[in-house]
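Peer 1: From the sequence below, what's the structure:
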Amino acid sequence: MMPGFGMQPQIILLKEGTDTSQGKPQLISNINACMAVVDTVRTTLGPRGMDKLIHTERGTVTISNDGATIMKLLDIVHPAAKSLVDVSLAQDAEVGDGTTSVVILAGEFLKEAKPFIEEGVHPRSIIKSYRQAAMLAVQKAKELAVSLEGKSDAEKRDLLKKCAMTTLNSKLVSGEKEFFAQMVVDAVSKLDPLTLDLKMIGIKKVTGGGLRDSFLVDGVAFKKTFSYAGFEQQPKSFSNPKILLLNIELELKAERENAEIRLEDPAQYQSIVDAEWNIIYDKLAKCVASGANIVLSRLAIGDLATQYFADRNIFCAGRVEEGDLQRVAKATGARVQTTVNGLTAENAAGVLGTCERFEEKQVGAERYNLFKGCPQARTATIVLRGGSEQFIDEADRSLHDAIMIVRRALKHAEVVAGGGAIEMELSKYIRECALQQTSKSQLFMKAFAKALEVIPRQLCNNAGFDATDVLNKLRQKHAAADGSGKNFGVDVNSGGVVDTYDVFVWEPSLVKINAIQSATEAACLILSVDETVRNPKSEQPEGQAAANAISG
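Peer 2: Sure thing, here's the model as predicted:
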């Protein structure tokens, strides 16, 4: 210490009670937190994956093996591990499948980087090599992809069905994968090929019956809405009906509640009451005059209107959900009206919709309104049946994944071999590329290549096979100089290896490309964090923090 100078005063930059963690220990702590999250979803991968039962504070129970659903419900509080949740949800939103794979890959990239961090390698060197390796992997995946373009419609539908079956393989409904794969392909084929809008596929869940009792409606189906007396007198089936869609209330309204009326003579009160009745009768008369057989409204249709329509053999339903009303509009060609003024038989042609058949049908304990054979059918509805609520919910999530995959395959008609085959081939390719590097990045790229093998390894572990044995066979197949073994992956039925392309275990290349890119980004993000600043006081609710300050 220099003479004349006392002890240097400690400089305090952060509030008292602030916790700062930095440097190598912080990075390793973040990696360990991510590994703990990965271990939770690791066993759900693949056709032999296990399911997770998640019980929330509110008492709701969810049984699922969908990575994104599990990650969402885990309620993770660790700031670094939250990035794995984000990457899983992003994969779900972007592609729909591969949500477990992306989390496992990100975790494995971090696990492979951990020994280098402990030995003092700068994280930036690892990040640079990982990004380079990911770029090479994506390029190679695009080269390996097989295009489905130029095939006939029948062939294309068959290929799409195989993609859907691969997705459903790892789900709870895998026993009926052929039945549901066909249903999903039929539903997606009904959509507008330009937009493939997911909202146009309705999924309705009805408890009871078996999975095989599920059915696809070529049009729209929705549950019978709340109805008043007189509803049972209405006809419940029509052939080629005219359909009127409204966004107005057809109820007797006491107008005195909406306006202040001053009367000088009590006799005038009756004229006001009569006016209220005339308003509703005028609306109903215009609906009937339009020639409509079915009247649907997003708002309430009261008891007076229900009886009025029943007397005139017209079916009506009020409080129809917005989504269902829009689907009916798309399917039947009807236009939603916000007023009935000016609605006459002459000008109603451009407003009313139609379908081949309308009927009300009993499904389980519920009654459903079905609109079938719609002329402009750009929509479909899947009615799901099953034994328990949790089971139907999981079937719904499984079908959502399959629908997303078929949509993606239609838009980007390229597939790659699944079952860990593409990962093994990319791993081999990146190992070869690593040997061309002269710097330390050779080690990091090899670590990236090794991390990719986690997918086939986990598929073996989840199926109860010897992973080391199967991986050695796969490496030997993929090392063939003529490239004949490039499509070999894990055979979860026999415990050996099989050409997954020949046995139709296909996945859209976009799923794999997106998974590798997202997992690499997530791993690089976590590797680039070397300090966490956390102030416990700022985490308290505002009122409590203020009370503490006053008492202090």
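Peer 1: how about stretch 441-457: buried residues?
Peer 2: Neighbour-count burial for stretch 441-457 flags 441-457 (criterion: 16 or more other C-beta atoms under 10 Å). C-beta here means a position set from N, CA and C on the backbone, and glycine is covered the same way.
Peer 1: Return that stretch as PDB; C-alpha atoms alone will do.
Peer 2: The C-alpha coordinates for stretch 441-457 follow below in PDB (Å, rounded to 0.1, in the frame of the first residue of the first chain):
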ATOM      1  CA  SER A 441     -13.000 -25.100 -32.400                       C
ATOM      2  CA  GLN A 442     -12.300 -28.600 -33.600                       C
ATOM      3  CA  LEU A 443     -13.100 -29.800 -30.100                       C
ATOM      4  CA  PHE A 444     -16.200 -27.700 -29.700                       C
ATOM      5  CA  MET A 445     -17.600 -28.800 -33.000                       C
ATOM      6  CA  LYS A 446     -17.000 -32.500 -32.100                       C
ATOM      7  CA  ALA A 447     -18.900 -31.800 -28.800                       C
ATOM      8  CA  PHE A 448     -21.800 -30.400 -30.900                       C
ATOM      9  CA  ALA A 449     -21.700 -33.500 -33.000                       C
ATOM     10  CA  LYS A 450     -21.700 -35.700 -30.000                       C
ATOM     11  CA  ALA A 451     -24.700 -33.800 -28.500                       C
ATOM     12  CA  LEU A 452     -26.800 -34.500 -31.600                       C
ATOM     13  CA  GLU A 453     -26.600 -38.200 -30.800                       C
ATOM     14  CA  VAL A 454     -28.700 -37.600 -27.700                       C
ATOM     15  CA  ILE A 455     -31.900 -38.000 -29.700                       C
ATOM     16  CA  PRO A 456     -31.300 -41.700 -30.800                       C
ATOM     17  CA  ARG A 457     -29.700 -42.500 -27.400                       C
END
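Peer 1: Figure out how far that stretch is from the centre of its chain.
Peer 2: Taking the mean of its C-alpha atoms, stretch 441-457 sits 29 Å from the chain's own mean (C-alpha atoms, centre = their mean, to the nearest Å).
Peer 1: what's the answer for stretch 305-312, then?
Peer 2: The answer for stretch 305-312 is 41 Å, by C-alpha atoms, centre = their mean.
Peer 1: what's next to that stretch, contact-wise?
Peer 2: Here stretch 305-312 makes contact (C-beta atoms under 8 Å, 6 or more residues apart in numbering) with 227-231, 233-234, 250-251, 280-281, 284, 287-288, 295, 301, 315-316.
Peer 1: Counting only helices, which of those make the cut?
Peer 2: Judged by DSSP state H, the contacts of stretch 305-312 include 280-281, 284, 287-288 as members of helices.
Peer 1: from those residues, which is closest to residue 155?
Peer 2: Using C-beta to C-beta, residue 287 comes nearest to residue 155 of the ones in helices among the contacts of stretch 305-312, at 48.3 Å.
Peer 1: Now do that closest one: how many residues are near it, please.
Peer 2: 26 (other C-beta atoms under 10 Å).
Peer 1: which residues does it contact?
Peer 2: By C-beta under 8 Å, 6+ apart, the contact list for residue 287 reads 244, 246, 250, 295, 309, 314, 340, 343.
Peer 1: Roughly how far does it sit from residue 341?
Peer 2: 12 Å (C-beta to C-beta, to the nearest Å).
Peer 1: for residue 253, helix, strand, or coil?
Peer 2: Counting by DSSP: H, G, I helix; E, B strand; the rest coil, the backbone at residue 253 sits in coil.
Peer 1: element containing the closest residue to it other than its chain neighbours?
Peer 2: Nearest non-adjacent residue to residue 253, counting by C-beta to C-beta, 6 or more residues apart in numbering: residue 276, 6.5 Å away. Assigned by DSSP states H and E, residue 276 belongs to helix 267-289.
Peer 1: tell me the mean pLDDT for that helix?
Peer 2: Here helix 267-289 scores 83 as its mean pLDDT.
Peer 1: in it, what counts as buried?
Peer 2: Under the neighbour-count criterion of 16+ other C-beta under 10 Å, helix 267-289 has 280, 283-284, 286-288 buried.
Peer 1: Residue ranges in the stretch 201-350 of the chain under the pLDDT threshold?
Peer 2: 254-259 (pLDDT under 70).
Peer 1: could you show me where the strands are in the stretch 51-200 of the chain, in order?
Peer 2: Along the stretch 51-200 of the chain, counting by DSSP state E, counting those that start in this stretch, strands occupy 52-55, 61-64, 146-147.
Peer 1: most packed of the ones you listed?
Peer 2: Each of the strands of the stretch 51-200 of the chain was scored by mean neighbour count; the highest is strand 61-64, a mean of 17, by mean count of other C-beta atoms under 10 Å.
Peer 1: in its sheet, what does it sit against?
Peer 2: Here strand 61-64 is paired, per DSSP bridges, with strand 52-55 (antiparallel).
Peer 1: thinking again about what came up before, and the strands of the stretch 51-200 of the chain: which comes nearest residue 529?
Peer 2: Nearest of the strands of the stretch 51-200 of the chain (C-beta to C-beta): strand 52-55, 27.8 Å.
Peer 1: quick one on the thing from earlier: I'd guessed the residue nearest to residue 253 sits against residue 269; true?
Peer 2: No - in this structure residue 276 lies outside contact range of residue 269 using C-beta atoms under 8 Å: 11.2 Å.
Peer 1: any idea which helix or strand carries the closest residue to residue 321 other than its chain neighbours?
Peer 2: What sits nearest to residue 321 in space, not counting adjacent residues and going by C-beta to C-beta, 6+ apart, is residue 222, at 6.8 Å. According to DSSP H and E, residue 222 maps onto strand 219-223.
Peer 1: From the contact counts, what lies against that strand?
Peer 2: Counting contacts by 3 or more C-beta pairs under 8 Å, 6 or more residues apart in numbering; DSSP states H and E, strand 219-223 packs against strand 201-207, helix 322-332, strand 366-372, strand 380-386.
Peer 1: Now with 10 Å, please.
Peer 2: Packing partners of strand 219-223 (3 or more C-beta pairs under 10 Å, 6 or more residues apart in numbering; DSSP states H and E): strand 201-207, helix 322-332, strand 357-363, strand 366-372, strand 380-386.
Peer 1: Since that was my last question, I'll sign off now.
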